[in-house]
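A.B. asks: need a structure here:
(chains A and B)
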Amino acid sequence: MASHTSKAFLSLGRLNIAGLGLNNSASRVTYAAALSTNSPKGDKGFPQRNGRGPVRKPRREPGEPRTEKMPLDQDWTAVYPAAAPFRPSSVPLPVRMGYPVKGGVPPEKKGNLELIKIPNFLHLTPAAIKKHCEALKPFCTEWPSALDSDAKCDELFPIKVESTDFVSAGQSVRNPSARIVHLKVKLSSFNLDKHAQRKMLKLVGERYNKDTDTLTIRADSCPLRQQNQDYAMYLLTVLYHESWKTEAWEDEKTVADMEEYSWEDSPSQKNMLNVLVRMKVAGEGKGEVREQLLGIKEVQEYKDSVTRLKNEGESESTMLQYKEAVKKVLDL
Amino acid sequence: MALHRLSFRLRQTVTHVRSLHTSGCGQQQEALAVESEPEPFSVFRTQENDPACQSGNQIGQYYTLPSAHIRTLFPHGLPRRYQQQVKTFNEACVMVRQPALEVIDYLKKTDISKPPVRYVFYGLKGSGKTMSLCHTVHFCYTQGWLVLHVPNAHVWVKNCKELLPSSFNSSRFDQPLQATEWLRNFRTTNEPFLSKIKTKQRYVWTKREFTEEGSLLAELVDQGISRVKSSSDVVGAVMKELRLQSGQPESDFRLAVAVDGVNALWGRSTIKKEDKSAVDPEELTLVYNLRKMMKNDWTGGAIITTLAQTGSLYTSRSEYLPQELLGETGFDNMDPFIPVSVPNYSEKEFESCYLYYMDRHWLQHPQSHTEEGKKEIIFLSNRNPSMMDRVCASL
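C.D. replies: Modelled structure (predicted):
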């Protein structure tokens, strides 16, 4: 039996202990090192012998938890090399989780289902990340030396795509807000003529920021981020091409649609001409040619002040400028 | 503080001062029985009661409007609170301020052969635009101009009790009550002119009533006042006649058109037609005719206006700049005009107003006589004339 046991020990270390009834007595003897050498528990006795109850796997006493054997400078990546559920016997931290019993403390980690349920990042310690990076380095190339300033990056890569990743403690790592994609681009990097620029601004509306000259397209209608990215790029392409086209109905653009005020053919110009004509008629008695009237310096100043007033909005300074210009024209 | 003592001494002499008011040019000494030293004038008053002779030296000082002038010139023109003040103080004192002086200056230089220049007083609420207009109108009156004063154009676009379809043009609406009231006031102001100007056209009112060519303007106005139904058309006719005739070589009068609240002409109205749709101001005869007056296609006068947010409809309280209140159409119609800004009181003007109230015993609260009290008043009113008036009213 003794020689048997030694061989059995070696083989048993490898064997699945699903083997029923095989060398039971031998297994019991070999694993008895940490166990008390009490008589084996009666209920786990040889089923065949007692003849009662279904065949059960003989219970093996659990061994010493790994935490006891961990040196301080161990390689943690070996303990948790990949994402794995929480193993209380592998994590040497005295973590407690759960609602405390009245007058008590949260339950300990041993056998704690709450700790197992939640996602853990024990496989992503800084050491693990470093190892990943080191492993990836042979596959990486250097940052191009020509792109050493932000300005150059903006010039060569004007389109910037932003998206957000979310990390939260919960039952699932997925977050629907992670599908949102913002596409930012400066309109000055596009080749647009005057008509195209105006049309683009009208098409785009609020998405354009005048102060920073950035167009921001937010895509969130598709469920996946990749889909949203593709959609945003498609939108940009379509906008560019559409703004270059001129449709037939664009001829019907009225004064109210104009983005900025132009003095030519405006009521202000007509009024001014009327006034000037009548003043000249009263003064000298001969009619002046329209172009000559328009070319007078005072009239140009008046034109500037009115355009400024209408485009920039009103303020004390614009009003004063207008007043001075009108005074000069009317010879006051 | 010396100023303060000055006004104390002058309190006894105030009653004498009023009886000696003259409206001639040149400054006159007060030859009265003054107790101790000969005090020439109170710092806040000036003897220049003729706007034509006032100059930059008198900025901040009060001049008195003769009561006879008030009765004829301003039957309806002065702001309500000011009218109450006139009644309380028994005298009408107007402060001489920079914006009014500027416009009076331009008016003195106007060339009657040229189209009229439009002046627009604009400023924060309660900063004195209507008073500046009244000051300018007083100047025109003393110079012998014919004054066409519309005290509040907002009145014509809201709260209309009677709205009749116009007899002249069926798409327009008449407002007989307001028209008759205006004609009455117009007659009071311009009595001497009405008997001199003759109409150039024949006007037919109904099948039996008509006004012949060459009849006096006074008859036309009387016709309008007595026949209430056609009064709005009479207003239109009067304006047309004046427009045609002013500036002509044979007429010897100049026309001053003064409108307060000119932004009402191009704003919205709250008057509703029978089918509850809003009336466009253009469809009102009075407004339509007044708009024609505002155009500078006539000669021989000037157009002085103010913008008013106070009675205006559908505008927010903080708006005061011309383009905001006039709107696009209003601006295009009034363009080119000279905008004149009416600011809040300056330091000197505020001092003057304060001394005036002290002089009139208006500030009864003991603390209002102290420096601290004055600083409080400045803080509460921000030197805004109407706010100051309201704050001091409760002191």
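
A.B. asks: which bits of chain A sit near chain B?
C.D. replies: A:266-268, A:271-272, A:274-275, A:278-279, A:282-283, A:302, A:306, A:309-310, A:313-316, A:319, A:322-323, A:326-327, A:329-330, A:332 (CB under 8 Å from any CB of the partner chain). C-betas here are computed from N, CA, C, even on glycine.

A.B. asks: narrow these to just the buried residues.
C.D. replies: A:266, A:268, A:271-272, A:275, A:278-279, A:302, A:306, A:309-310, A:314, A:319, A:322-323, A:326-327, A:329-330 (16 or more other CB atoms under 10 Å in any protein chain shown).

A.B. asks: and those residues, which of them are in helices?
C.D. replies: Judged by DSSP state H, helices contain the following of those: A:268, A:271-272, A:275, A:278-279, A:302, A:306, A:309-310, A:319, A:322-323, A:326-327, A:329.

A.B. asks: helix/strand/coil for the residue nearest the centre of chain B?
C.D. replies: Centroid-nearest residue in chain B, with CA atoms, centre = their mean: residue B:134, separated by 3.4 Å. Put simply, residue B:134 is helix when judged by DSSP: H, G, I helix; E, B strand; the rest coil.

A.B. asks: would you confirm that it contacts residue B:76?
C.D. replies: No: Residue B:134 lies out of contact with residue B:76 (CB atoms under 8 Å); the separation is 11.1 Å.

A.B. asks: neighbours of the closest residue in space to residue B:272 that isn't next to it in sequence, how many?
C.D. replies: Spatially, and ignoring its direct neighbours in sequence, residue B:272 is nearest to residue B:278 (5.9 Å; CB to CB, 6 or more residues apart in numbering or on different chains). Using other CB atoms under 10 Å in any protein chain shown, residue B:278 is surrounded by 12 other residues.

A.B. asks: what sits against residue B:278?
C.D. replies: B:268-272 (CB atoms under 8 Å, 6 or more residues apart in numbering or on different chains).

A.B. asks: share the number of residues neighbouring residue B:133, please.
C.D. replies: The tally of other residues near residue B:133 (other CB under 10 Å) stands at 28.

A.B. asks: for residue A:264, same thing?
C.D. replies: Other residues close to residue A:264 by other CB under 10 Å number 7.

A.B. asks: is it in a helix, a strand, or coil?
C.D. replies: Taking three-state DSSP as the rule, one finds residue A:264 in the coil state.

A.B. asks: mind checking pLDDT for it?
C.D. replies: In this model, residue A:264 is scored at 77, pLDDT.

A.B. asks: tell me how far the closest residue to residue B:206 other than its chain neighbours lies from chain A.
C.D. replies: Residue nearest to residue B:206 in three dimensions, not counting chain neighbours: residue B:230, with 7.4 Å by CB to CB, 6+ apart. Residue B:230 sits 32 Å away from chain A, going by CB to the nearest CB, to the nearest Å.

A.B. asks: could you do residue B:91 as well?
C.D. replies: Taken as CB to the nearest CB, the span from residue B:91 to chain A is 34 Å.

A.B. asks: per-residue pLDDT, that residue?
C.D. replies: 84.

A.B. asks: go on, residue A:211?
C.D. replies: pLDDT, read off for residue A:211, is 93.

A.B. asks: same deal with the one 10 residues further on?
C.D. replies: Reading off the confidence values, residue A:221 has pLDDT 94.

A.B. asks: give the contact list for it.
C.D. replies: A:228, A:231.

A.B. asks: and what of the one 10 residues further on?
C.D. replies: Residues in contact with residue A:231, defined by CB under 8 Å, 6+ apart, are A:219, A:221-222.

A.B. asks: rerun that using 7 Å as the cut-off
C.D. replies: By CB atoms under 7 Å, 6 or more residues apart in numbering or on different chains, the contact set of residue A:231 is A:219, A:222.

A.B. asks: now swap in residue B:133 and tell me
C.D. replies: B:121, B:258, B:260, B:304, B:306.

A.B. asks: please redo it, this time with the cut-off set to 10 Å
C.D. replies: By CB atoms under 10 Å, 6 or more residues apart in numbering or on different chains, the residues touching residue B:133 are B:77, B:79, B:99-100, B:103, B:119, B:121, B:149, B:151, B:258-261, B:304-306, B:308, B:342.

A.B. asks: equivalent analysis for residue B:322, please.
C.D. replies: Contacts of residue B:322 (CB under 10 Å, 6+ apart): A:309, A:314, A:319, A:322, B:120-122, B:262-263, B:307, B:330-331, B:334-335, B:337, B:339, B:341.

A.B. asks: likewise residue A:87?
C.D. replies: Per CB under 10 Å, 6+ apart, neighbours of residue A:87: A:65-67, A:79-80, A:109, A:115-116, A:120, A:122.

A.B. asks: give me the element it is part of.
C.D. replies: Counting by DSSP states H and E, no helix or strand carries residue A:87.

A.B. asks: for it, phi and psi?
C.D. replies: The phi and psi values for residue A:87, taken as degrees, to the nearest 10, are phi -120, psi 110.

A.B. asks: dihedrals phi and psi, the nearest residue to residue B:150 once chain neighbours are set aside?
C.D. replies: Counting by CB to CB, 6+ apart, residue B:259 is the residue found nearest to residue B:150 once chain neighbours are left out, at 4.5 Å. Note on residue B:259: backbone dihedrals following degrees, to the nearest 10 are phi -130, psi 130.

A.B. asks: how confident was the prediction at residue 98?
C.D. replies: Picking chain A for this. With respect to pLDDT, residue A:98 has a value of 91.

A.B. asks: oops, chain B please
C.D. replies: 88.

A.B. asks: look up how far chain A lies from it.
C.D. replies: Separation of residue B:98 from chain A (CB to the nearest CB): 14 Å.

A.B. asks: ok, and the closest non-adjacent residue to that residue?
C.D. replies: For residue B:98, ignoring the flanking residues on the chain, the nearest one in space by CB to CB, 6+ apart is residue B:59 at 5.8 Å.

A.B. asks: ok, stretch B:324-339 near chain A or not?
C.D. replies: Yes: residues of stretch B:324-339 contacting chain A under CB under 10 Å from any CB of the partner chain: B:324, B:328-329, B:331-339.

A.B. asks: how about that stretch: buried residues?
C.D. replies: Within stretch B:324-339, judged by 16+ other CB under 10 Å, the buried ones are B:324-327, B:330-331, B:333-339.

A.B. asks: just give me the closest of these to residue B:88.
C.D. replies: Among those, residue B:325 lies closest to residue B:88 (CB to CB), at 31.5 Å.

A.B. asks: so after the helix or strand harbouring that closest one, what's the next helix or strand?
C.D. replies: In this structure, residue B:325 sits in helix B:322-334 according to DSSP H and E. Going down the chain from helix B:322-334, the next helix or strand is strand B:337-341, by DSSP H and E.

A.B. asks: helices or strands next to that following strand in the packing?
C.D. replies: helix A:316-329, helix B:98-108, strand B:117-122, helix B:129-142, strand B:301-306, helix B:322-334 (3 or more CB pairs under 10 Å, 6 or more residues apart in numbering or on different chains; DSSP states H and E).

A.B. asks: what touches both of residue B:134 and residue B:76?
C.D. replies: Counting by CB under 10 Å, 6+ apart, the residues touching both residue B:134 and residue B:76 are B:149, B:151.

A.B. asks: please enumerate the strands of chain A.
C.D. replies: Taking DSSP state E, the strands of chain A run over residues A:160-163, A:181-186, A:208-209, A:214-219.

A.B. asks: strand partners (parallel or antiparallel) of the shortest one?
C.D. replies: Read that as strand A:208-209. strand A:214-219 (antiparallel) (DSSP bridges).

A.B. asks: average pLDDT for the lengthiest helix in chain A?
C.D. replies: Determined from DSSP H, the single longest helix within chain A is helix A:225-244. If you average the pLDDT over helix A:225-244, you get 95.

A.B. asks: one more: stretch B:112-125?
C.D. replies: The pLDDT scores in stretch B:112-125 average 86.

A.B. asks: got the buried residues for it?
C.D. replies: Buried, per 16+ other CB under 10 Å, within stretch B:112-125: B:112, B:114-124.

A.B. asks: cool, and stretch A:210-230?
C.D. replies: Under the neighbour-count criterion of 16+ other CB under 10 Å, stretch A:210-230 has A:215-217, A:219, A:225, A:228-229 buried.
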